[in-house]
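>>> here is the input, now give the coordinates:
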Amino acid sequence: MDDTEAVYLAGKLLIAMPGTTDPQFKRSLVYICAHSSEGAMGLVINRRLPDLSLAAMLTRIGIENHRMLHQKPVHNGGPVERERGFVLHSTEYAAGSATLKVNKGFSMTATMDILEDIAQGIGPVRRLVALGYCGWGPGQLDQEMLDNGWLTLTPGPGLVFSTDDETKWTSALNMLGVQPKLLSATAGHA
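Model prediction:
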């Protein structure tokens, strides 16, 4: 398949199928920030790091003035580069060429500037901060899609930026009209 026939998933939400056994992706939602013939990159949006608040993370990297962020979570964005920070956010904020505009509703920035702006209260209105990301090599995500490893959804900000991570997976399936308990854990081919 060449690029003119390819279906790219940037701006889509991947919903892990019930049969997913990898603990990193079981019941996971991955927002795809970039996808091309060279691979794909996304962030898990429903897995918080249990022992790390945004304020604690900012303190660790030397950013001050963040008292109001002590209850804000940091997410486990994926298994690649777990020490690197990424911010999925609303599009009214941009840090020049450092911000990747995914679509009309979402952007992603991975610089210290955005974290400093968040600490100062001048960052994006809606945001999800994550450490690490999910990465796929050329054709890898495409094959996972063909193998029925994921469902896809075009998400709204209400789901992506919701603070209720425990129900996001079920909510995403419900948006597709799918009841999780009725979804088969195995795929078939006719």
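>>> quick one: pLDDT of the nearest residue to K168 once chain neighbours are set aside?
Spatially, and ignoring its direct neighbours in sequence, K168 is nearest to N46 (4.1 Å; CB to CB, 6 or more residues apart in numbering). C-beta: built from backbone N, CA, C; applies to glycine. Note on N46: pLDDT of 97.
>>> just give the nearest non-adjacent residue to E116, would you?
Distances taken as CB to CB, 6+ apart place I63 nearest to E116, at 5.7 Å, with adjacent residues excluded.
>>> hang on, the earlier thing: for the residue nearest to K168, give me its contacts.
Counting by CB atoms under 8 Å, 6 or more residues apart in numbering, N46 touches R27, S28, L29, H75, D165, E166, K168, W169.
>>> 7 Å instead?
S28, L29, D165, K168, W169 (CB atoms under 7 Å, 6 or more residues apart in numbering).
>>> of those, which pair is most distant in space?
The largest distance within the contacts of N46, taken as CB to CB, falls between S28 and D165 and amounts to 10.5 Å.
>>> pick out the residue closest to the middle of this protein.
Nearest to the geometric centre of the chain sits L43, at 2.8 Å (CA atoms, centre = their mean).
>>> that one pairs with what?
Y31 (DSSP bridges).
>>> off-centre distance for stretch 73-89?
Distance of stretch 73-89 from the chain centroid (CA atoms, centre = their mean, to the nearest Å) equals 8 Å.
>>> start at 6 instead
In the new numbering, first residue 6, that becomes stretch 78-94.
>>> what does it rub up against?
Taking CB under 7 Å, 6+ apart as the rule, stretch 78-94 contacts 29, 36, 48-50, 52-54, 57-59, 62, 111-115, 119-120, 129, 131-140, 165.
>>> what is the end-to-end distance of that stretch?
End-to-end span of stretch 78-94 (CA to CA, to the nearest Å): 14 Å.
>>> what's the answer for stretch 38-58, then?
23 Å.
>>> got the buried residues for that stretch?
38-40, 45-54, 57-58 (16 or more other CB atoms under 10 Å).
>>> make a ChimeraX selection of the buried ones in the contacts of stretch 78-94.
Those of those that count as buried under 16+ other CB under 10 Å are selected in ChimeraX with:
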select :36,48,49,50,52,53,54,57,58,59,62,111,112,113,114,115,119,120,129,131,132,133,134,135,136,137,138,139,140,165
